[in-house]
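Peer 1: Test case, fold it:
(chains A and B, ligands or ions: 2)
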Amino acid sequence: MRRTTRVPAGGSDMAVLTMARAITTGLAMAMREDPKVLVMGEDVGRLGGVFRVTDGLQAEFGEERVIDTPLAESGIIGTAVGLAMRGYAPVCEIQFDGFIFPAFDQITTQVARLHLRSAGTLAMRIVIRVPNGGGIGAVEHHSESPEAYFAHTPGLRIVTPSSPGDAFTMIRQAIVHPDPVLFLEPKRRYWEKAEVDVDAPLPPMADLFRARVVRRGSDATLLCWGPMVRTCLEAAEADTRDLEVIDARSLAPLDLPTIVESVTRTGRLLVVHEAPVTGGLGAEVAASVTEACFYQLEAPVLRVGGFSVPYPPARLEDLYLPDLDRVLEAVDRAMAY
Amino acid sequence: MAVDGGPELVQLLTPEGVLVEHPDVALVLTDEQWRERYELLVMVRRLDAEATALQRHGELGLWAPCQGQEAAQVGAALATRPTERIFPTYREHGMAYVRGVDPVTLLGLFRGTTLGGWDPADHGFNLYTIVIGDQTLHAVGYAMGAQRDGAHEGVLVCFGDGASSQGDVAEAFVYAAVNDAPVVFFCQNNQWAISEPLERQTRIPLFKRAAGYGFPGVRVDGNDVLAVEAVVSAALERARAGGGPTLVEAFTYRMGAHTTSDDPTRYRTTAEGEAWRLKDPIERVRAHIVRSGIADAAWLAEVEGRAEQLGEHMRTACRAMPDPTPTSMFDQVYAEDHPVMDRERAWLTSYLAGFTDAPHHAGAGGGQ
Ligand SMILES: Cc1ncc(C[n+]2csc(CCOP(=O)(O)OP(=O)(O)O)c2C)c(N)n1
Ligand SMILES: [Mg+2]
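Peer 2: Ligands and ions are numbered 1, 2, ... in the order given. All right, here's what the predicted structure looks like:
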């Protein structure tokens, strides 16, 4: 078995990590702390995953804990349910966003409901990791943003980091959390690096579901998550207006108090996501914020997102995905009210 | 490591290029037919190498090479009638070539100019399907349609050793069995599903799974073009005559990477590759036709020349392939006019018209 660099085993230094490596580091830490934590999925063992996020884990924890599953997503999640019933905490990898659908039934009809149906006796301590979203020039089914299907399903929690530091912390929190958590990893940001404090204690669990204001501003609020956080920060930097940027971090539940507080100050909200606008999470945010901030809003909540078409062939993805220009065009419209 | 197909392997042409008899399966080819098969194999290997090179040069985002599986694909496709539908995965470039699909047509999907690229009816060759296993059910349904039409037509559907684990494939077996659907399940067991060896998918040889569903299963040497054609022909004949489905496991090897994004040195040994190289599907045909005087050096050189021309054709045509127009993404989502498409198309058109420069474009590359 060939090994690449060892996963840091703790220590006191700040480490410069890619987001992919930050998740690996968090997974390894969680597995060291709790022998019940398992990693399972297609190609996660010997290969270390197609994005190498599980690289080195099988060498450290063995084939009993890092499982190369048969090629069957319904099987991955269905057996994770059984393992969770038996006290294990499976961290499942779905290889790409577009391949979660064979497991849709298990996730929505079983994982999401068993806590309720067992009168609170069964904990579905399952994390479903999904490399998410587009922007890498891939072929069909490798660039999807299916969060709205799952946010629509009561019983699931959905979080998505936008930076290595958050990825490191949030994966560990998700693993500890007793509810099932869909963990969406913005794949086009996997290789971006940042300093991560790999020694910091785990923040309180409530933080996992809290949005973060990543840039203060007064003219309008940009709400975004995952891959779009960097896009929105770049748009805000490039523009003369004073734009506030909020990283939602948690999509289910949404941290409405943080969003509402911001909109109360700025009077304008734009929701930016990669998924098609029609029926997307932006609509949910818009309805909730309109209800909470009707008299503070200077403009309707605007949505910037993918078009309402299947994710296009790679040569069109730059036109499909919201970018700096698309975000600022929407800001223009919001300011014009 | 799996190199030997075991005693149940149907083989008619050994890796050394020697014809052997089998008690149940036979196929005799004319000299002309032998030359045709050899040329097809060479052309398919060439087209695959050319597409791999085009990916390396940035002309394609991705390619899924079929090197090593040429005989399985050519043999099975030749066993079908041109009117019979083939349902491929994403790796059946050899079948596409046999069916007369211009290899350039296959490139759009991998270049990122289209999500499909061809009309399945043109060559009886369905669209590539990337979601593992889905097409097996489609093929069974198509076969049920043929059955209801009284068409005496067979259907050929491809899937991999990894795909054999999918629920949809199990359901396809059930539906085919209870309907006696005229379908041949053609599993190219190339020993690997990305990094996972066959043992991660099954504990019995795949062809034996058919027995549990109530139809026959056969394991054929997937690197033996003659045996594959013979076995699939018999299975299709049975299907056409109302005998129901057959599972054919073509025992072969993925000589290249899973895709151009993959690094197989991380999970498999070079010794395994070397062992399979001795079973090369093209070498054995060359050995046979040269030894038996079916082809001489001059003819072999002509074939090389035609393969070179195919490569040249692909290079030129690929580079000339236009990008899709921005609003094309709205045009065929629905069969009829749709208000959301109209609204978004109009918005994008006026948005783009507002730029003096082209909006910025990032690079491509990636995916599995
Ligand atoms: C439902 C689904 N899950 C995962 C993938 C990612 N994936 C693409 S090819 C592949 C392995 C397929 O192996 P096999 O069926 O043996 O076919 P081969 O690639 O070897 O031809 C995987 C896991 C996918 N395309 N679809
Ligand atoms: Mg395979």
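Peer 1: residues contacting the nearest residue to residue B:183 once chain neighbours are set aside?
Peer 2: With sequence-adjacent residues excluded and distances taken as Cβ to Cβ, 6 or more residues apart in numbering or on different chains, residue B:183 is closest to residue B:143, at 4.1 Å. Every residue, glycine included, has its C-beta placed from N, CA and C. Applying Cβ atoms under 8 Å, 6 or more residues apart in numbering or on different chains, one finds that residue B:143 lies in contact with B:153-155, B:176, B:179, B:181-183, B:239, B:245.
Peer 1: Most neighbours of all these, which one?
Peer 2: Greatest neighbour count in the contacts of residue B:143, by other Cβ atoms under 10 Å in any protein chain shown, goes to residue B:183: 34 neighbours.
Peer 1: So which bits of stretch A:119-133 are buried?
Peer 2: Residues of stretch A:119-133 classed as buried: A:123-133 (neighbour count, 16 or more other Cβ atoms under 10 Å in any protein chain shown).
Peer 1: follow-up on the earlier one: ok, now how distant is the residue nearest to residue B:183 from ligand 1?
Peer 2: 21 Å (Cβ to the nearest ligand atom, to the nearest Å).
Peer 1: hey, C-alpha coordinates of the helix or strand hosting that residue in CSV?
Peer 2: Using DSSP states H and E, residue B:143 maps to helix B:134-148. Included here for helix B:134-148 are C-alpha records, laid out as CSV according to Å, rounded to 0.1, in the frame of the first residue of the first chain:
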residue,chain,number,x,y,z
ASP,B,134,-29.6,2.6,-15.3
GLN,B,135,-29.6,1.5,-18.9
THR,B,136,-30.1,-2.2,-18.1
LEU,B,137,-33.7,-1.5,-17.2
HIS,B,138,-34.2,0.7,-20.3
ALA,B,139,-33.0,-2.2,-22.4
VAL,B,140,-35.4,-4.6,-20.8
GLY,B,141,-38.3,-2.2,-21.4
TYR,B,142,-37.2,-1.8,-25.0
ALA,B,143,-37.1,-5.5,-25.4
MET,B,144,-40.6,-5.8,-23.9
GLY,B,145,-41.7,-3.4,-26.6
ALA,B,146,-40.1,-5.4,-29.3
GLN,B,147,-41.8,-8.5,-27.9
ARG,B,148,-45.2,-6.8,-28.0
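Peer 1: Any idea how far whichever helix or strand comes after it is from the middle of the chain?
Peer 2: Under the assignment DSSP H and E, the closest C-terminal helix or strand after helix B:134-148 is strand B:155-160. On the basis of Cα atoms, centre = their mean, to the nearest Å, strand B:155-160 sits 8 Å off its chain's mean C-alpha point.
Peer 1: for stretch B:229-247, same thing?
Peer 2: Taking mean C-alpha positions (Cα atoms, centre = their mean), stretch B:229-247 and its chain are 19 Å apart.
Peer 1: Around ligand 1, pick out the residues from the stretch 101-250 of chain A.
Peer 2: Residues of the stretch 101-250 of chain A found near ligand 1 (Cβ under 6 Å from any ligand atom) are residue A:102.
Peer 1: the strands in the stretch 101-250 of chain A, which residues?
Peer 2: Along the stretch 101-250 of chain A, the stretches classed as strands by DSSP state E, counting those that start in this stretch are A:127-132, A:157-159, A:181-186, A:193-197, A:212-215, A:220-224, A:243-247, A:250-252.
Peer 1: Report how many residues lie close to the residue in chain B positioned nearest to ligand 1.
Peer 2: Using Cβ to the nearest ligand atom, the closest approach of chain B to ligand 1 is made by residue B:160 at 2.3 Å. Using other Cβ under 10 Å, residue B:160 is surrounded by 26 other residues.
Peer 1: so what's it up against?
Peer 2: Shown in contact with residue B:160 (Cβ under 8 Å, 6+ apart): B:89, B:91, B:132, B:187-190, B:193.
Peer 1: Identify the bridge partners of it.
Peer 2: residue B:188 (DSSP bridges).
Peer 1: pLDDT value on it, please?
Peer 2: On pLDDT, residue B:160 comes in at 98.
Peer 1: Please apply the same query to residue B:117.
Peer 2: You'll see residue B:117 listed with a pLDDT of 85.
Peer 1: Please name the nearest non-neighbouring residue to whichever residue of chain A sits closest to ligand 2.
Peer 2: Here chain A gets closest to ligand 2 at one residue, residue A:71, 8.9 Å apart by Cβ to the ion. Excluding its sequence neighbours, the residue lying closest to residue A:71 (Cβ to Cβ, 6+ apart) is residue B:162, at 3.9 Å.
Peer 1: Verify the stated contact: residue B:189 with residue B:248.
Peer 2: No. If you go by Cβ atoms under 8 Å, residue B:189 and residue B:248 don't touch, sitting 10.2 Å apart.
Peer 1: Residue A:324 touches residue A:237, doesn't it?
Peer 2: No. Counting by Cβ under 8 Å, residue A:324 stays clear of residue A:237, with 9.3 Å between them.
Peer 1: I'd say residue B:89 and residue B:126 touch.
Peer 2: No. Using Cβ under 8 Å, residue B:89 makes no contact with residue B:126, being 10.3 Å away.
Peer 1: Need the overlap of contacts for those two.
Peer 2: Joint contacts of residue B:89 and residue B:126 (Cβ under 8 Å, 6+ apart) are residue B:135.
Peer 1: Could you list the buried residues of the host helix or strand of residue B:309?
Peer 2: Assigned by DSSP H and E, residue B:309 belongs to helix B:297-320. For helix B:297-320, burial by neighbour count (16+ other Cβ under 10 Å) applies to B:300, B:303, B:307, B:310-311, B:314-315, B:318.
Peer 1: do the same with stretch B:279-295
Peer 2: B:279-290, B:294-295.
Peer 1: tell me the mean pLDDT for it?
Peer 2: The pLDDT scores in stretch B:279-295 average 98.
Peer 1: What of stretch A:236-246?
Peer 2: Stretch A:236-246 comes out at a mean pLDDT of 98.
Peer 1: need the helices for chain A, in chain order.
Peer 2: For chain A, the helices defined by DSSP state H occupy A:19-33, A:57-61, A:73-85, A:104-105, A:114-117, A:147-151, A:164-176, A:228-238, A:256-266, A:281-293, A:317-320, A:324-336.
Peer 1: Now that we have those helices, can you turn them into JSON lines and tack on mean neighbour count?
Peer 2: Below are these laid out as JSON lines (neighbours: other Cβ atoms under 10 Å in any protein chain shown):
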{"stretch": "helix A:19-33", "mean neighbour count": "23"}
{"stretch": "helix A:57-61", "mean neighbour count": "19"}
{"stretch": "helix A:73-85", "mean neighbour count": "20"}
{"stretch": "helix A:104-105", "mean neighbour count": "15"}
{"stretch": "helix A:114-117", "mean neighbour count": "15"}
{"stretch": "helix A:147-151", "mean neighbour count": "21"}
{"stretch": "helix A:164-176", "mean neighbour count": "24"}
{"stretch": "helix A:228-238", "mean neighbour count": "21"}
{"stretch": "helix A:256-266", "mean neighbour count": "18"}
{"stretch": "helix A:281-293", "mean neighbour count": "18"}
{"stretch": "helix A:317-320", "mean neighbour count": "22"}
{"stretch": "helix A:324-336", "mean neighbour count": "17"}
